[in-house]
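1. no FASTA, just this:
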């Protein structure tokens with residue numbers, strides 16, 4: 001795997017082992033520019049005509065910054081560092097002329113990079129890569145899992161934005177086979193497959209935010225079941241999903257085989273241990289519940305590591321929206337050390353690690369001020 005901006009190889013297997021270890025990151029380093037330095041002049045994104053993909057609206061709902069610092073964006077990011085870069089491969093039927101462009105999320109403008117490749121389909125394909133330096137600056141050795149999770153979140157944000165704007169035939173590529181781009185989202189012009197039932201409205205995507213801790217209050221069983229089901233559907237393939245819940249019946253629950261109920265498969269309050277594993281974030285011990293994606297054994301190769309982390313980020317993003325729809329507060333938790341869930345439950349060590357999490361709580365009126 002290579003650093004997207006420096007063309008330096010990264011041993012992803014070794015990087016994940018370091019991230020999972022108790023070894024603390026070194027001192028912070030400069031994060032560098034908040035946006036990739038795309039060549040050439042910046043260009044505005046034209047308004048879409050009838051029948052065209054409204055690229056400006058898609059990007060507003062998914063990747064564009066809404067504050068001057070660039071920290072506040074629709075897709076969450078570890079430390080609000082936002083390392084994900086998007087190159088746009090534009091075909092016919094889009095508000096931009098065909099070609100390849102780099103996207104500047106701070107200014108909501110594009111830089112033309114060249115001609116579109118032969119065979120480019122109509123609409124736009126967003127190819128996602130990372131500038132690792134931004135996340136490494138704060139998280140050091142723990143950065144690479146976070147970079148992959150952030151990419152999965154960005155892919156989900158693009159996917160949901162396309163649906164919210166009436167395009168139901170988007171394709172998301174999270175196979176983990178390539179190091180660059182890490183992921184791609186193809187959005188066809190409108191008028192093909194209609195969006196499915198339950199598609200979010202643009203206002204929902206504009207309003208979503210990660211709620212700051214504490215996130216207290218046990219979610220109702222129906223809401224927790226719906227959030228878990230959303231994650232399990234979106235993150236299928238190489239991952240299992242469960243939730244740690246507190247009193248009155250603390251333990252780990254997972255969706256039953258028929259999807260109509262929750263099955264308790266481990267007793268005891270796991271939340272204090274999760275707080276220690278999540279870089280010592282003590283507030284997690286008091287959260288109402290913690291959704292967990294787990295799997296990715298220690299002997300996984302780079303493609304499997306990429307695939308499971310990308311899918312975990314994608315699925316947690318969709319689960320986050322489902323939580324908000326059910327009146328819950330939610331906050332992704334991506335940094336995990338020594339989080340060998342399988343070994344903690346008596347299984348073989350190194351086989352079942354926590355990959356991503358989503359802390360959940362009940363949302364009260366005085367907790368609606370989110371960041």
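-> Everything's here; your move. Quantities reported herein were computed from a predicted structural model and do not represent experimental measurements.

2. and the helix or strand harbouring residue 86, what other elements does it pack with?
-> Using DSSP states H and E, residue 86 sits in strand 84-90. Strand 84-90 sits against strand 99-104, strand 124-130, helix 143-164, with contacts defined as 3 or more Cβ pairs under 8 Å, 6 or more residues apart in numbering; DSSP states H and E. C-beta here means a position set from N, CA and C on the backbone, and glycine is covered the same way.

3. Spatially central residue for this protein, please.
-> The residue lying closest to the centre of the chain (Cα atoms, centre = their mean) is residue 153, at 2.0 Å.

4. for the record, mean pLDDT for the longest helix anywhere in the chain?
-> Ranked by residue count, the top helix of the chain under DSSP state H comes out as helix 302-325. Per-residue pLDDT over helix 302-325 has a mean of 97.

5. try stretch 184-201
-> What stretch 184-201 shows for mean pLDDT is 89.

6. in it, what counts as buried?
-> Residues of stretch 184-201 classed as buried: 184-190, 195, 199-200 (neighbour count, 16 or more other Cβ atoms under 10 Å).

7. Looking at these, which are in helices?
-> Taking DSSP H, every one of these sits outside helices.

8. and which of these is nearest to residue 350?
-> Distance to residue 350 across the buried residues of stretch 184-201 (Cβ to Cβ) is lowest for residue 184, with 31.2 Å.

9. Please tell me how far the closest one sits from residue 154.
-> 11 Å (Cβ to Cβ, to the nearest Å).

10. Give the intersection of the neighbour lists for these two.
-> residue 128 (Cβ atoms under 8 Å, 6 or more residues apart in numbering).

11. Which stretches in the chain count as strands?
-> For the chain, strands defined by DSSP state E occupy the ranges 42-43, 84-90, 99-104, 109-114, 124-130, 171-173, 183-187, 239-245, 251-255, 262-267, 289-295, 328-333, 353-362.

12. Contact partners for residue 116?
-> Residues counted as contacts of residue 116 (Cβ under 8 Å, 6+ apart) are 89-91, 98-100.

13. If you rank those by neighbours, which is first?
-> residue 90 (24 neighbours; other Cβ atoms under 10 Å).

14. Help me confirm that it comes into contact with residue 97.
-> Yes - with contact defined as Cβ atoms under 8 Å, residue 90 counts as touching residue 97 (7.1 Å).

15. what's around residue 11, how many residues?
-> Residue 11 sits with 12 neighbouring residues when counted by other Cβ under 10 Å.

16. State the pLDDT value of it.
-> 95.

17. returning to that earlier point: by how many degrees do the strand holding residue 86 and strand 124-130 diverge?
-> 160 degrees (axes from the mean of the first three to the mean of the last three Cα atoms, to 10 degrees).

18. who does strand 84-90 pair up with?
-> strand 99-104 (antiparallel), strand 124-130 (antiparallel) (DSSP bridges).

19. which non-adjacent residue is nearest residue 329?
-> residue 211 (4.0 Å; Cβ to Cβ, 6 or more residues apart in numbering).

20. Is it correct that residue 160 is in contact with residue 320?
-> No - under the criterion of Cβ under 8 Å, residue 160 makes no contact with residue 320, lying 10.3 Å away.

21. what's near enough to touch the closest residue to residue 202 other than its chain neighbours?
-> Closest residue in space to residue 202, ignoring its immediate chain neighbours: residue 164 at 4.8 Å, by Cβ to Cβ, 6+ apart. Applying Cβ under 8 Å, 6+ apart, we find residue 164 in contact with 61, 195, 199-202, 204-205.

22. Let's see the pLDDT reported for residue 164.
-> For residue 164, the predicted pLDDT is 95.

23. Relative to residue 214, how far out is it?
-> For residue 164 relative to residue 214 (Cβ to Cβ), the value is 30 Å.

24. now do residue 226
-> 23 Å.

25. helices or strands up against the longest helix of the chain?
-> Short answer (3+ Cβ pairs under 8 Å, 6+ apart): helix 302-325 packs on helix 12-20, helix 143-164, helix 202-207, helix 221-234, strand 239-245, strand 289-295, strand 328-333, strand 353-362.

26. And these, which one averages the lowest pLDDT?
-> Looking at the helices and strands packed on helix 302-325, the weakest mean confidence is helix 202-207, a mean of 90.

27. Could you tell me how many residues sit around residue 293?
-> Neighbours of residue 293 (other Cβ under 10 Å): 28.

28. I'd assumed residue 241 was in contact with it.
-> Yes - applying Cβ under 8 Å as the test, residue 293 and residue 241 come out as touching, 5.9 Å apart.

29. Common neighbours of those two, please.
-> 231, 235, 315.

30. Using CSV, lay out the residues you listed together with neighbour count and distance to residue 324.
-> Below are these laid out as CSV (neighbours: other Cβ atoms under 10 Å; distance: Cβ to Cβ, whole Å):
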residue, neighbour count, distance to residue 324
231, 31, 14
235, 28, 18
315, 28, 15
